[in-house]
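Undergrad: 3D model of this:
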Amino acid sequence: MNNRPASSHLAATVTAVLGPTNTGKTHLAVERLCGHASGIMGFPLRLLAREVYDKVVAAKGAHQVALITGEEKIVPPQARWFLCTVESMPLDREVAFVGIDEGQLGADPERGHVFTDRLLRARGYAETMILGSETLKPLIRKLLPEAEIITRPRFSTLAYAGPKKLSRLPRRTAIVAFTAAEVYAIAEMLRRQKGGAAVVMGSLSPRTRNAQVAMYQSGEVDYLVATDAIGMGLNMDIAHVAFAGLGKFDGKRQRRLTLAEMAQIAGRAGRHQRDGTFGTVQLGAQEQCSFAAEEIEGLEAHRFEPLTQLVWRNSALDFSSLPRLVATMDARPPRAELVRSDDALDLAVLKRLAGEPWVMERASRRLAGQPGLMRLWQACSLPDYRKTGVEAHTRLVARVFRHLTEADGRLPEAWIAAEIAHLDRVARDVEALADRIAAVRTWTYVAHRPDWVDNQASWAERTRAVEDRLSDALHGALTQRFVDRRTAVLLKDLKARGSDALVAIAADGAVAVDGEEIGRIDGFRFTADAAARAGEQRLLLAAAERHLVRERAHRARQLADSPAGDFALVGGSGGQQLHWRGARVACLRKGRDALSPRVELDRAVTALAPDDRRRVQLRLETWVAAAIADVLRPLSQLAERLADVSPPARGLIVQLVAGLGVLDRAALAEQLAGLARSDRQMLGRLGVRLGPQHVFQPALLRPEPTRWRLALWAVAQDVAELPPLPPPGRVSIASDGLSAEWLAVAGFWRVGAQAVRIDMVDRLARHIHERRDGRTPFMPDPNWAASLGLSADGLARLLRALGYRPRLVDGAPHFAWAGRPPAGRRPATEAVPDAGGNAASPFAILAAMKGR
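TA: Numbering: from 1, shown residues only. Predicted coordinates:
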């Protein structure tokens, strides 16, 4: 590339392609680059240089394409096409084509002097192409009168859509803020409301930024939160740009964006032939920013105030002495269209170091075959990627320069290794990771200076590996912090009604939509993930209603064909429930009688299609009827013999069935007195026991029939929750807190604080009846209490309830038959006299008996 003034290159073509964003300028320039035998193209961002490098490599082959940025150099020996950042363009190369992207950045206070220098001096011997906005046109005409200006219109229209709430922003929206804190806050709000957002900031490494952009482009998230760096970013599928603010701090003061800056950002909306919109977003109580009418008009018509000056700095530097070097850099611009830049960071650092005697002394030497002052200037050009400020950066530059002027003129490997090792930590904190990436970029820059380090290739590879690890960790941290993938999947799924999302149901009932677990299905009932927020719960339930229709229909068919073993009656706080394969599907409600309960389907089952619902209802009713008939078969057999017995027996059977197999004998005196001998024989054959206190069927006292009888009684009596069932095998239980009705159905008879199973009471009564001689007193067997699980006092109460009274015979406690107690009378506790004529409780008498 020639480095002489443009006026001496009139034979070469200079073209300025100007227009707003979305006009295909960069694509045109890359085509022109590849159409020449060699070329260089400079971009404002390392990321853009890398993007175009990848495209040219695909077209020309990696061995012919170079990439040069401050932190990355890939320069094959046969390289012919160079993709670079503007600062890194190799000005000493002769190439056919030179391209400069975003030429209007020549007006930028910080980097503008570099762009201006390339606009004025960098030339291809065949063609030079300058890309930029139309605001550059007047300056191109004045500074480069030989240039041909081509204006390209925007492919699509850009329209103002007004202000919107964050919750109302359309999909494929980019929200632009101007500080990292604002970006993070907005991304967090989007995570809660929309499932998340990708984050793009200028401080991100290309690897992290590409990963975030890819997440947005793939549709994993529908929103992007970015700083104004998006204005020169990759082409993305953005439909709407929402400004969270219209002012920014430019390094010196807080100011409103210029119209050109607004256009650079808003122009990201729309792509190719697709129109785009822009507007503002209201964030809570924050003051609403708004566009002025003239700004809206200018943005929609792509009409902006032209640039009047470009920032310039003298590039013809004098390294004969430090004062002359500073003087040449402070030189005044040669034309009115150029304005001298404020002190850039490199010059500010140089001026601070100039006051150090040791720096002045070493700068006066000749080092590594070049003037020491040039070596100092190279050190001052070290970028401040961490944005630490002039003072802190000056200290780092001073240390670099000290090492470069000592010993072999190389930076100590131990120092570089220690700094890199300190940064090589992938803690999951977004801010810390971003800061480490910025710091490692400094060492990547150092590693690409072969005159600063030994083993340059090794150090370059090492710093690149560290940056990649940190970048991957940062992408992961950003995604973890600002993306709720489950919510994003559900929102996308609900809006894309025609799509078939991948729904998977695990063996344990876990339901996943596109790989994201949303809850569980038990039977027909879906339960959203308990960890989900209230708003997300609604999304989960909506997703379930949409995707589980076919699954529920399939389960309905399975239930209808299921064997009896798949069903169960389960008691609980919600009443008597019917379970299918361990999941609740219905409950029992009061029917026409205790043995005919009504089946009420759960709400989740009632949502089935009518045919499926009828099949489920019929199968459950059939199972309940069959289970009652099987488990309570003795009752069914009784009911079948109603026509074969006398009216008194028929009445007894009806009452016994209604009482679920247990009746108090005291209330049946009339029916029992009217029973014929044949009736008693038939009842005996059917398992009915006419006991001294109860009429019952012993077969129904077994655990499973008892469980069913209690459940049916609870349903018939509208009892919501039952006490725990008596443990199997227990013949007596504590009766405190248990109702007489429950005890009767359970088959127990209350005796004071205890209750005894009625078949054991019947057995004891028969045993005593066979042993006693009329009303002759008898001494109770001490083993009776143990066999019944009663205390001594409890046994005494039981004997009294059966009609026996304690007596003293020869000073020893006995019991004698006193006649059946009146109906409804409970066991008595009155005292009886002992041998000395003193009052004694039945417990005391039996205790004395037990002691003998």
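
Undergrad: elements contacting the helix ranked longest in the chain?
TA: Ordering each helix of the chain by length in residues (DSSP state H) puts helix 456-482 first. Counting contacts by 3 or more Cβ pairs under 8 Å, 6 or more residues apart in numbering; DSSP states H and E, helix 456-482 is packed against helix 180-194, strand 198-200, helix 206-217, helix 413-423, helix 430-447. Yep, even glycine has a C-beta here, placed from its N, CA and C like the rest.

Undergrad: what would those look like in JSON lines with mean pLDDT, distance to W713 and mean neighbour count?
TA: Shown next, in JSON lines, are the helices and strands packed on helix 456-482 (pLDDT from 0 to 100; distance: least, Cβ to Cβ, whole Å; neighbours: other Cβ atoms under 10 Å):
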{"stretch": "helix 180-194", "mean pLDDT": "88", "distance to W713": "51", "mean neighbour count": "19"}
{"stretch": "strand 198-200", "mean pLDDT": "92", "distance to W713": "63", "mean neighbour count": "29"}
{"stretch": "helix 206-217", "mean pLDDT": "89", "distance to W713": "61", "mean neighbour count": "21"}
{"stretch": "helix 413-423", "mean pLDDT": "94", "distance to W713": "75", "mean neighbour count": "14"}
{"stretch": "helix 430-447", "mean pLDDT": "91", "distance to W713": "63", "mean neighbour count": "22"}
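
Undergrad: those: which one's closest to A147?
TA: helix 206-217 (31.7 Å; Cβ to Cβ).

Undergrad: return the distance of the longest helix of the chain from the chain's centre.
TA: 25 Å (Cα atoms, centre = their mean, to the nearest Å).

Undergrad: now that helix: buried residues?
TA: The neighbour-count check on helix 456-482 (16 or more other Cβ atoms under 10 Å) flags 456, 459-460, 462-464, 466-467, 469-475, 477-479, 481-482 as buried.

Undergrad: cool, and stretch 281-300?
TA: Per 16+ other Cβ under 10 Å, stretch 281-300 contains these buried residues: V281, Q282, L283, C289, F291, E295, I296, G298, L299.

Undergrad: okay, and which of the residues you listed map to strands?
TA: The strands, defined by DSSP state E, take in V281, Q282 from the buried residues of stretch 281-300.

Undergrad: just give me the closest of the buried residues of stretch 281-300 to W358.
TA: Closest approach to W358 among those (Cβ to Cβ): C289, at 51.0 Å.

Undergrad: pretty sure that closest one contacts L246?
TA: Yes: assessed by Cβ atoms under 8 Å, C289 is found in contact with L246 at 4.7 Å.

Undergrad: give me the common contacts of these two.
TA: T280 (Cβ atoms under 8 Å, 6 or more residues apart in numbering).

Undergrad: those strands in the stretch 601-750 of the chain, which residues are they?
TA: For the stretch 601-750 of the chain, the strands defined by DSSP state E, counting those that start in this stretch occupy 662-664, 689-690, 694-696, 732-734, 748-751.

Undergrad: list the contacts for the closest residue to L190 other than its chain neighbours?
TA: Leaving out its chain neighbours, the residue that sits closest to L190 by Cβ to Cβ, 6 or more residues apart in numbering is A197, at 4.2 Å. Residues near A197 by Cβ under 8 Å, 6+ apart: I175, I186, A187, L190, R191, Y216, V221, Y223, L224, V225, F482, V483.

Undergrad: any chance of the helices and strands packed on helix 456-482 in a markdown table with distance to P726 as columns?
TA: A markdown table is the format used below for the helices and strands packed on helix 456-482 (distance: least, Cβ to Cβ, whole Å):
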| stretch | distance to P726 |
| --- | --- |
| helix 180-194 | 53 |
| strand 198-200 | 64 |
| helix 206-217 | 62 |
| helix 413-423 | 71 |
| helix 430-447 | 62 |
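
Undergrad: looking at those, which is nearest to L143?
TA: Across the helices and strands packed on helix 456-482, L143 has its closest neighbour in helix 430-447 (31.2 Å, Cβ to Cβ).

Undergrad: in TSV: the contacts of A197, plus distance to G659.
TA: What follows is the contacts of A197, written out as TSV (distance: Cβ to Cβ, whole Å):
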residue	distance to G659
I175	73
I186	71
A187	69
L190	66
R191	63
Y216	72
V221	67
Y223	68
L224	74
V225	72
F482	67
V483	64
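
Undergrad: and the residues you listed, which is closest to L672?
TA: R191 (77.1 Å).

Undergrad: quickly note the distance from the closest one to E741.
TA: 57 Å (Cβ to Cβ, to the nearest Å).

Undergrad: same question, F43
TA: Taken as Cβ to Cβ, the span from F43 to E741 is 88 Å.

Undergrad: now the stretch 201-350 of the chain, which segments are flagged as low pLDDT?
TA: For the stretch 201-350 of the chain, the stretches flagged by pLDDT under 70 are 233-234, 272-273, 284-287.

Undergrad: and E419, what does it touch?
TA: E419 touches A439, W443, counting by Cβ under 8 Å, 6+ apart.

Undergrad: and the contacts of stretch 656-673?
TA: For stretch 656-673, contacts defined as Cβ under 8 Å, 6+ apart pick out 593-595, 632, 634-635, 638-639, 648-649, 651-652, 655, 688, 690-697, 700, 705, 709, 712-713, 744-745, 747, 758, 823-824.

Undergrad: and it, how far out from the chain middle?
TA: 63 Å.

Undergrad: what about G571, neighbour count?
TA: A count of nearby residues for G571, using other Cβ atoms under 10 Å, gives 16.

Undergrad: for it, what are phi and psi?
TA: Backbone torsions of G571, given as degrees, to the nearest 10, read phi -90, psi 150.

Undergrad: so what sits opposite it in the bridge?
TA: With DSSP bridges as the criterion, G571 is bridged to Q576.

Undergrad: quick revisit: from the contacts of stretch 656-673, which land in helices?
TA: Counting by DSSP H, these contribute 634-635, 638-639, 648-649, 651-652, 655, 705, 709, 712-713, 744-745, 758 to helices.

Undergrad: how would you label the closest residue to P76 other than its chain neighbours: helix, strand or coil?
TA: Using Cβ to Cβ, 6+ apart and skipping the chain neighbours, the partner closest in space to P76 is H63 (4.9 Å). Three-state call for H63 (DSSP: H, G, I helix; E, B strand; the rest coil): helix.

Undergrad: next one: H63 relative to W81, how far apart?
TA: To W81, H63 is 11 Å away according to Cβ to Cβ.

Undergrad: more neighbours, these two?
TA: W81 (26 against 11).

Undergrad: mind checking the backbone torsions on that one?
TA: Dihedral angles of W81 (phi, psi; degrees, to the nearest 10) stand at phi -120, psi 130.

Undergrad: so who does it touch?
TA: Contacts for W81 (Cβ under 8 Å, 6+ apart) come out as L33, C34, S38, G39, I40, V56, K60, Q64, V65, A66.

Undergrad: of these, which belong to helices?
TA: Using DSSP H, the contacts of W81 in helices are L33, C34, V56, K60.

Undergrad: which pLDDT value belongs to the first one?
TA: So the one you mean is L33. With respect to pLDDT, L33 has a value of 96.

Undergrad: same deal with the last one?
TA: In the prediction, the pLDDT value recorded for K60 is 95.

Undergrad: what about it, how many neighbours?
TA: With neighbours defined by other Cβ under 10 Å, the count for K60 comes to 15.

Undergrad: fine by me, we can end here.
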